[in-house]
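*Asks:* Turn this into a structure:
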Amino acid sequence: MADTLTPDRLTARHVGAVYRRALLAQIRAITEYPGDFWVMASAGVMWNVLQFAFLTVLFAAVPEVAGWRYHEMLMLSGLLTVAAGSTAILCDGIWSTGQMVLKGEIDYRMTRPAPVVVQVATTHIGMQGFGEVGFGLVMVAYGWIGAGLGPASLPLVLLGIVCAVVIECALITLFCAVNFWIKGPMSNFAFVMLDLQHHAMTMPLGLFPIGVKVVTMFVVPVAFVNFVPVAALSGHLAPWWVIGMPVAAAASVLAALGVYRLGLRSYDSSGH
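*Replies:* You can find the predicted model right below:
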């Protein structure tokens, strides 16, 4: 049976197995210190509780913001929280790319029979991500129910969550790969992207100038993480915008892998 598999399928299976084993090993390590886990998970919840409280107080004073109502805004914020928390769980190690480049720790990983990006991404799990994902899903579910959206919209909600996680992971990977050329322990570009999301993407894009809309939709497609799915779901955008979610996800993954591969080709170990 194995002989009938193509090399691509064998490669995909191997990469998936490596990623799964590495991630499970990190999770097992976390469970050895349950106190640390609950402290970090609670910390992940607290920031989002503040965001929830802010929206609740805001909409107690005003009925809508740029045409968006309370429960729609909860979905907007909740979906971004799910995406951000998922990256902390699934690929938090990618943030150490710059540090590994400086210390020459990429060398060892280049000799192993697994993609370097997978090995780097699974070197760490952000425990706060579990709290963020859990509370983010609560916000999405509460907003979905409160907005009066029926079960027929559930497939779109699930598609939006999957695409949001893929896009977020891919974009962070892409910007962390910049450290192959611009040396530093952390990627300032990735931090700028997160700052853009937390300041702009928790509010409707209608509040911002056209330049912000163009950048967030077609240059760095963070709008497809939360704004486009929720806007299409709630009727603020035409339904055909849904097609853009998997397209943006695929484009982000290809761009991230391409840039990381170029970075590895230019890598010349530490001290250079």
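*Asks:* where does the closest residue to M203 other than its chain neighbours fall, phi/psi-wise?
*Replies:* Using C-beta to C-beta, 6 or more residues apart in numbering and skipping the chain neighbours, the partner closest in space to M203 is V65 (6.9 Å). For the C-beta atoms, the positions are set from N, CA and C on the backbone; glycine is no exception. Per-residue torsions, V65: phi -130, psi 110 (degrees, to the nearest 10).
*Asks:* Then the one 10 residues further on?
*Replies:* When quoted as degrees, to the nearest 10, the phi and psi of M75 stand at phi -60, psi -40.
*Asks:* residues in contact with it?
*Replies:* When contacts are counted by C-beta atoms under 8 Å, 6 or more residues apart in numbering, M75 touches M139, V140, G143, W144, A147, N226, V230, L233, S234.
*Asks:* can you give me the end-to-end distance of stretch 171-186?
*Replies:* Using C-alpha to C-alpha, to the nearest Å, the end-to-end distance of stretch 171-186 comes out at 15 Å.
*Asks:* Near the residue nearest to M203, how many other residues are there?
*Replies:* By other C-beta atoms under 10 Å, the residues close to V65 number 17.
*Asks:* Just the buried positions in the lengthiest helix in the chain, please.
*Replies:* Secondary structure of the chain per DSSP state H: the longest helix is helix 34-61. Residues of helix 34-61 classed as buried under the neighbour-count rule (16 or more other C-beta atoms under 10 Å) are F37, M40, A41, G44, V45, W47, N48, Q51, F52, L55, F59.
*Asks:* Does V49 touch G134 like I think?
*Replies:* No. The criterion here is C-beta atoms under 8 Å, and V49 misses it with G134 at 11.7 Å.
*Asks:* Model confidence score at the most centrally placed residue in the chain, please.
*Replies:* With distances taken as C-alpha atoms, centre = their mean, E168 lies nearest the centre of the chain, 2.7 Å away. Note on E168: pLDDT of 97.
*Asks:* quick one on the thing from earlier: can you name the two of the buried residues of helix 34-61 that are farthest apart?
*Replies:* Using C-beta to C-beta, these span at most 33.5 Å, a distance reached by F37 and F59.
*Asks:* in the chain, which helix or strand is least confident?
*Replies:* Here the helix or strand of the chain ranked lowest by mean pLDDT, DSSP states H and E is helix 7-31, holding a mean of 78.
*Asks:* got TSV for the contacts of M75, with pLDDT and neighbour count too?
*Replies:* What follows is the contacts of M75, written out as TSV (pLDDT from 0 to 100; neighbours: other C-beta atoms under 10 Å):
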residue	pLDDT	neighbour count
M139	96	25
V140	96	25
G143	95	25
W144	94	22
A147	92	19
N226	96	29
V230	96	29
L233	93	23
S234	92	22
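*Asks:* I'd like the residues you listed laid out as JSON lines, including distance to R20 and secondary structure.
*Replies:* Output for those, formatted as JSON lines (distance: C-beta to C-beta, whole Å; DSSP: H, G, I helix; E, B strand; the rest coil):
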{"residue": "M139", "distance to R20": "29", "secondary structure": "helix"}
{"residue": "V140", "distance to R20": "26", "secondary structure": "helix"}
{"residue": "G143", "distance to R20": "32", "secondary structure": "helix"}
{"residue": "W144", "distance to R20": "30", "secondary structure": "helix"}
{"residue": "A147", "distance to R20": "36", "secondary structure": "coil"}
{"residue": "N226", "distance to R20": "27", "secondary structure": "coil"}
{"residue": "V230", "distance to R20": "31", "secondary structure": "helix"}
{"residue": "L233", "distance to R20": "31", "secondary structure": "helix"}
{"residue": "S234", "distance to R20": "36", "secondary structure": "helix"}
